[in-house]
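J.: using only what follows, build the 3D model:
(chains A, B, C and D)
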2 protein chains.
Amino acid sequence: MSKRHNTTLKELAKELNLSISTVSRALNDHPDINATTKQNVKDLARRMNYSPNLFARSFRSQKTNIIGVVVPNISHYFTSTILKGILEEAEIQGYRIIISESNNSEAKQTEMLNTMTQFGVDGILMSLTRKIEKIDDILQTLNRVPIVLFDKVSQKIPCTQIVIDEEQAAFNAVEHLIELGKERIAIIKETENSYNSEKRYAGYLRALEHHSIKIREKIILSTEDISLIHGRRLTNILLSMKKRPDAIFAITDNAAIGAIKALNKFKVKIPEEVAVVGFSNSANSKIIQPELTTVDQPGDKIGRTSVKYLIEEIENPSNDVITKTVEIKTTLVVRDSSLRA
Amino acid sequence: MSKRHNTTLKELAKELNLSISTVSRALNDHPDINATTKQNVKDLARRMNYSPNLFARSFRSQKTNIIGVVVPNISHYFTSTILKGILEEAEIQGYRIIISESNNSEAKQTEMLNTMTQFGVDGILMSLTRKIEKIDDILQTLNRVPIVLFDKVSQKIPCTQIVIDEEQAAFNAVEHLIELGKERIAIIKETENSYNSEKRYAGYLRALEHHSIKIREKIILSTEDISLIHGRRLTNILLSMKKRPDAIFAITDNAAIGAIKALNKFKVKIPEEVAVVGFSNSANSKIIQPELTTVDQPGDKIGRTSVKYLIEEIENPSNDVITKTVEIKTTLVVRDSSLRA
DNA sequence: TTAAGAATTGCAAACGATTGCGGTAACGTT
DNA sequence: AACGTTACCGCAATCGTTTGCAATTCTTAA
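T.: Sure, this is the predicted structure:
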């Protein structure tokens, strides 16, 4: 017996002296088929280790039950938790997942979209690259299969988008600092007007306004690459000011951790002198000392929700343009970096 | 025009008044076809946005160009870096990747193997669950498609295995501590005799023996769940000893970080009083203070190598049992937790 | 002019599963 | 005895692509 052999309907049929169609129907519990015949077929199928060739099936039904996923970076922690949710929900619903990375390159991203549609996926889940300039390519694939965006999204693309309540989350985070008695609250955000950064910044502003706190342009800092290193760099700038801020809201855990590292270096007491709040509840946030107060983004829920909406569109195709935005609730995880004394 | 329509060879053929076979051959640059005909066909194909139905193709060739990947936990950092390598190499070689998680459940793992073979993957890359008791299921799928194991492997399964040089890596790590002047070196390892833990422990022993350092059973600690929490717990035990160790080798970064947290709490100076070395070079290792000396495991290289060996077996099938073990070199990343004063 | 040979192109089967429709046999009804 | 019904099963087409072989046209040399 060849190593890679797979039993087919034909073989079962031959063995049983039945036609292929009867065997097929028997296995699918078609009412036309005699009960004992069914039993015979099923028994033999089990014995011969039969399993249907899903490619033949997909080929015939023009449905693959495969969902393509495109993300900038699979080893980014938050992304991988989303992926976890996607995998779970997809499995429950009987879909398989093909993953690919864009590495934050727009060209790669469109290439991936093309590969996937060509491959015949039933739908695509995508988190966008940092910059997007040519949405035409995306619109073109959107014209062939349904797409659901998550995390890194763009309102310019007319499709369902699953995001967290960025603005409200940021509002809560900053309000938490205000309730701590802080009133000179710096923010470290992105220069690029990414969806996420923009929303979080808006939440920051709204919190300050809501509590009638003056907005100080000087302590609103931006960086292109919102990373640990630049978090540290910008914090050093904040520390060199005549009037230091008494709190820092970094729109990313990594930047917040950079801030803490800078504060630690200069022995600034956290949170007494400067409190810090991040965003993501990454694994790192529990490693740094003091542990970081941060916004918990339920990655698995985002993943599951994205899958649900996508499958909904796959199985109930409509020609209408769908531009629903679903917001997933977040919670603030308060840790030592902003604990009330 | 229907939203999901795909052009087929038939349509191209009809449009050009050619047969399907000619069109097919033209697109595949078959020498039999006239140059101008080829050009015409290709032009129309482009204009009509033709792309071959890969399912039909796979269906016919009985080759899917899909590799299945089964890992315990996709959001584990090291795993995700391996995945990154897998994705890259697979893409280069024209394969697609289907990922699924076993969540460290053996039952789930076999279920996944079945789903994947049924799906028709050309081969499987797998990192095993913590415990494996019934290797029969694995052997059965191994009988249908080639499997390559990586990271969490088992010698009981006769297939290619890609691992890091666990033993040598541990040896180097411990030797590094010895060269630092440490001689009372504790180890925190796993109770379960996992492949990794066993090898690292062996490296630890060899390093001590090689430098004629007495092996002290008391400071050889094990835990079932090698995590931050238990790293901390075991370190607390070490600290409560009359004669404290002067170094800790934890076979996992998380455990090492737990150790550092415990040491920090009791204001034990790192590395002067107790040096710490971990294993993995996880993102966390640069976050903790002091930053952690650790073994860097090149995840992407493991991923790429795994893919290479698997594809080799896919494309050159042999009926022989292959039981090659490939070891990937690691390097020790020295950071503050073990820096010479 | 003609036949051999080369250059093109088409026919049809094949891959594995599904399914509409038609066929057969057994049985019951009048 | 003739017909209708029911239960069960098979034929054959279909999905889109590839490919061995046959068929056709065109060249070219005898």
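
J.: now for residue A:290: which residues touch it?
T.: A:260, A:270, A:271, A:335, A:336, A:337 (CB atoms under 8 Å, 6 or more residues apart in numbering or on different chains). C-beta: built from backbone N, CA, C; applies to glycine.

J.: hmm, 7 Å instead?
T.: A:270, A:336, A:337 (CB atoms under 7 Å, 6 or more residues apart in numbering or on different chains).

J.: distance to residue B:33 and pLDDT added to those residues, as JSON lines?
T.: JSON lines is the format used below for the contacts of residue A:290 (distance: CB to CB, whole Å; pLDDT from 0 to 100):
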{"residue": "A:270", "distance to residue B:33": "73", "pLDDT": "96"}
{"residue": "A:336", "distance to residue B:33": "72", "pLDDT": "97"}
{"residue": "A:337", "distance to residue B:33": "69", "pLDDT": "97"}
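
J.: may I ask which of those residues has the most neighbours?
T.: For these, the largest neighbour count, defined by other CB atoms under 10 Å in any protein chain shown, is 27 neighbours, found at residue A:337.

J.: number of residues surrounding the residue lying closest to that one once chain neighbours are set aside?
T.: Excluding the flanking residues, the one nearest residue A:337 by CB to CB, 6 or more residues apart in numbering or on different chains is residue A:276, at 4.4 Å. By other CB under 10 Å, 31 other residues sit near residue A:276.

J.: name whatever forms a beta bridge with residue A:276.
T.: Listed by DSSP bridges, the beta-bridge partners for residue A:276 are residue A:248.

J.: per-residue pLDDT of it, please?
T.: The model reports residue A:276 with a pLDDT of 98.

J.: next: the one 4 residues further on.
T.: Reported pLDDT at residue A:280 in the predicted model: 95.

J.: my read: it touches residue A:294, true?
T.: Yes. With contacts counted by CB atoms under 7 Å, residue A:280 reaches residue A:294, the gap being 6.1 Å.

J.: neighbour count winner among those two?
T.: Per other CB under 10 Å, whichever of residue A:280 and residue A:294 has more neighbours is residue A:294, with 29 against 25.

J.: which element, helix or strand, includes the more buried one?
T.: For residue A:294, the host element (DSSP states H and E) is strand A:294-296.

J.: nearest to residue B:232, of the contacts of residue A:290?
T.: residue A:336 (16.0 Å; CB to CB).

J.: for DNA strand C, see how far away the closest residue in space to the closest one that isn't next to it in sequence is.
T.: Leaving out its chain neighbours, the residue that sits closest to residue A:336 by CB to CB, 6+ apart is residue A:290, at 3.5 Å. Residue A:290 is 59 Å from DNA strand C, where distance means CB to the nearest atom of the strand, to the nearest Å.

J.: returning to that earlier point: contact partners for the residue nearest to residue A:337?
T.: Residue A:276 is in contact with A:248, A:256, A:259, A:260, A:270, A:292, A:337, A:338, counting by CB under 7 Å, 6+ apart.

J.: one more time with 6 Å, if that's ok
T.: Neighbour list for residue A:276: A:248, A:256, A:259, A:260, A:337 [criterion: CB atoms under 6 Å, 6 or more residues apart in numbering or on different chains].

J.: quick check on the residue in the stretch 201-341 of chain A that DNA strand D sits nearest to: phi, psi?
T.: Of all residues in the stretch 201-341 of chain A, residue A:317 sits closest to DNA strand D, at 16.9 Å by CB to the nearest atom of the strand. Residue A:317 has phi and psi values of phi -60, psi 140 when expressed as degrees, to the nearest 10.

J.: what's the answer for the one 10 residues further on, then?
T.: Here is the backbone geometry of residue A:327 (degrees, to the nearest 10): phi -110, psi 130.

J.: what is the neighbour count of it?
T.: Count around residue A:327 with other CB under 10 Å applied: 14.

J.: please tell me how far it sits from chain B.
T.: Using CB to the nearest CB, to the nearest Å, we find residue A:327 at a distance of 23 Å from chain B.

J.: ok, now residue A:262?
T.: 12 Å.

J.: and the pLDDT at the residue nearest to residue A:299 when sequence neighbours are not counted?
T.: Excluding the flanking residues, the one nearest residue A:299 by CB to CB, 6+ apart is residue A:81, at 2.9 Å. Each residue has a pLDDT score; the one for residue A:81 is 96.

J.: mind listing what residue A:81 touches?
T.: A:299, A:300, B:75.

J.: quick check: what element follows the helix or strand encompassing it along the chain?
T.: Taking DSSP H and E as the definition, one finds residue A:81 inside helix A:77-92. The helix or strand immediately downstream of helix A:77-92 is strand A:96-101, counting by DSSP H and E.

J.: quick one: that next one near chain B?
T.: Yes. Interface with chain B: strand A:96-101 contributes A:96, A:98, A:99, A:101 (CB under 6 Å from any CB of the partner chain).

J.: before we move on, the earlier item: burial of the residue of the stretch 201-341 of chain A closest to DNA strand D, as a residue count?
T.: Count around residue A:317 with other CB under 10 Å applied: 13.

J.: then residue A:262?
T.: Counted with other CB under 10 Å, residues neighbouring residue A:262 total 21.

J.: enumerate the residues of chain A near chain B.
T.: Going by CB under 6 Å from any CB, the residues of chain A near chain B are A:3, A:51, A:54-56, A:58-59, A:74-75, A:80-81, A:83-84, A:87, A:96, A:98-99, A:101, A:118-120, A:284, A:287-289.

J.: quick check on the residues you listed: which are buried?
T.: Neighbour-count burial (16 or more other CB atoms under 10 Å in any protein chain shown) applied to the residues of chain A next to chain B gives A:54-56, A:58-59, A:74-75, A:80-81, A:83-84, A:87, A:96, A:98-99, A:101, A:119-120, A:284, A:287-289.

J.: strands along the stretch 201-341 of chain A, start to end?
T.: Under the criterion DSSP state E, counting those that start in this stretch, strands of the stretch 201-341 of chain A are mapped to A:220-223, A:247-250, A:275-277, A:294-296, A:325-328, A:331-333.

J.: what's the closest of these to DNA strand C?
T.: Set against DNA strand C and scored by CB to the nearest atom of the strand, the strands of the stretch 201-341 of chain A come closest in strand A:325-328, at 33.3 Å.

J.: helices or strands up against the closest one?
T.: Counting contacts by 3 or more CB pairs under 6 Å, 6 or more residues apart in numbering or on different chains; DSSP states H and E, strand A:325-328 packs against strand A:160-164.

J.: what separates the strand it packs on from the chain centre, distance-wise?
T.: Using CA atoms, centre = their mean, to the nearest Å, the distance from the centre of strand A:160-164 to the centre of the chain it belongs to is 9 Å.

J.: neighbours around residue A:157, how many?
T.: Residue A:157: 18 surrounding residues under other CB under 10 Å.

J.: now name the helix or strand holding it.
T.: Following DSSP H and E, there is no helix or strand that holds residue A:157.

J.: contact partners for it?
T.: A:135, A:138.

J.: sorry, back to before: need the pLDDT of the residue nearest to residue A:336.
T.: 96.

J.: distance-wise, check the residue nearest to residue A:337 relative to residue A:211.
T.: 19 Å (CB to CB, to the nearest Å).

J.: residue A:90 too?
T.: Relative to residue A:211, residue A:90 is positioned 43 Å away (CB to CB).
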